[in-house]
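S.K.: structural data only, the sequence is not supplied:
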């Protein structure tokens, strides 16, 4: 297990983290992706399956092997657990992540928190939906030393929560990704292919960035990723990165996508190093992909409410 995480330091440049892969990619594509990640300027890499326990291109042993390679490259490695537990098999998968691992664990549901309590420091993941200091203190008492804020919590809400918290904690926010909006017992990808969830034929693997759903007017609305609903378009906090230290935020999470993730990481790294202005980096990001889901950060509806610069 790596050493204890220290509390966020004011005025320090945020660490960059790569979130767990939410999509189902072929084995070789996944392995090649993480070989590239080893050379990226991210300090923390989250690994593992967070969406569907039926996905089997990589097993836990494979994720641990990837983690060992990334650790040798100087990365902090965290193993993430499932965000929705539906059956005993899912719980066994969570136990498999929690019990033998030499890496820190990100708990994404309360079953994982209960298994991790008293075993050492862990990360409270974004699917725990923590919105107040009392709840976060309960997680701290169980061993949480880092908290990934839920996507709906605005920057002002994060600042208020931290002021009310008695003990310090590392804070991480999702800074660039298609927003993880919800988990459901129903598999939308299977339904899209007219298959049952139990006989889905692993069709997620055909959609490396999920399936975009549009309104009747043809405007992108959601991305369907198995049992997960995401925003159709990514959000980015590139322009907000210089404010993170003042808000008490020490880590900025970037979500993996099948193309362009390295470019996004490079933009974030350039901003935190002061090599590129935040507004200029935001303009470059918007030139590469549509960004229209920044509203939650500003206390507005999430979709189509990106700040204008």
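M.R.: That came through fine. Nothing here was measured: the structure is a model prediction, and the numbers come from that model.
S.K.: from here on, just use CA atoms for contacts and neighbour counts.
M.R.: OK.
S.K.: and residue 53, how far is that from residue 29?
M.R.: Between residue 53 and residue 29 the distance is 19 Å, computed by Cα to Cα, to the nearest Å.
S.K.: again with residue 177
M.R.: For residue 177 relative to residue 29 (Cα to Cα), the value is 19 Å.
S.K.: so the two - more neighbours on which side?
M.R.: Each of residue 177 and residue 29 has its neighbours counted (other Cα atoms under 10 Å); residue 177 has more, 23 against 12.
S.K.: list the contacts for the more buried one?
M.R.: Counting by Cα atoms under 8 Å, 6 or more residues apart in numbering, residue 177 touches 234-236, 254-256.
S.K.: in the sheet, who's paired with residue 172?
M.R.: Here residue 172 sits in beta bridges with residue 148, residue 251, going by DSSP bridges.
S.K.: that one touches residue 254, doesn't it?
M.R.: No: counting by Cα atoms under 8 Å, residue 254 is not a contact partner of residue 172; they are 10.6 Å apart.
S.K.: secondary structure element holding residue 229?
M.R.: strand 228-236 (DSSP states H and E).
S.K.: my bad, should have said residue 158
M.R.: Using DSSP H and E, residue 158 falls in helix 155-164.
S.K.: please apply the same query to residue 77.
M.R.: strand 76-80.
S.K.: what is that strand packed up against?
M.R.: Packed against strand 76-80, as judged by 3 or more Cα pairs under 8 Å, 6 or more residues apart in numbering; DSSP states H and E, are the following elements: strand 44-47, helix 60-72, strand 104-107.
S.K.: the ones you listed: which one's closest to residue 250?
M.R.: Within the helices and strands packed on strand 76-80, the stretch nearest residue 250 is strand 44-47; the backing value is 11.8 Å (Cα to Cα).
S.K.: what mean pLDDT does that closest one get?
M.R.: The average of the pLDDT scores along strand 44-47 is 98.
S.K.: equivalent analysis for stretch 235-245, please.
M.R.: In this model, stretch 235-245 has an average pLDDT of 94.
S.K.: starting at the chain centroid, how far to that stretch?
M.R.: Distance of stretch 235-245 from its chain centroid, counting by Cα atoms, centre = their mean, to the nearest Å, is 16 Å.
S.K.: list of residues touching the strand holding residue 77?
M.R.: 2, 20, 43-50, 67, 70-71, 97, 103-108.
S.K.: and the end-to-end length of stretch 128-144?
M.R.: Termini of stretch 128-144 sit 12 Å apart (Cα to Cα).
S.K.: and residue 240, that one's in a helix?
M.R.: Yes: counting by DSSP: H, G, I helix; E, B strand; the rest coil, residue 240 is located in a helix.
S.K.: residue 111 - how many residues pack around it?
M.R.: The burial count assigned to residue 111 is 17, neighbours taken as other Cα under 10 Å.
S.K.: could you check the pLDDT of it?
M.R.: Listed pLDDT for residue 111 reads 95.
S.K.: so residue 58 touches residue 27, yeah?
M.R.: Yes: shown here, residue 58 and residue 27 form a contact pair, counting by Cα under 8 Å, at 6.4 Å.
S.K.: give the pairing partners of the strand holding residue 229; include direction for each.
M.R.: When DSSP bridges is applied, strand 228-236 pairs with strand 170-183 (antiparallel), strand 220-225 (antiparallel).
S.K.: tilt between the first one and helix 155-164?
M.R.: Orientation of strand 170-183 against helix 155-164 (axes from the mean of the first three to the mean of the last three Cα atoms, to 10 degrees) gives an angle of 130 degrees.
S.K.: could we number from 16 for the rest of this?
M.R.: Got it, the first residue is 16 from now on, which makes the last one we talked about strand 185-198.
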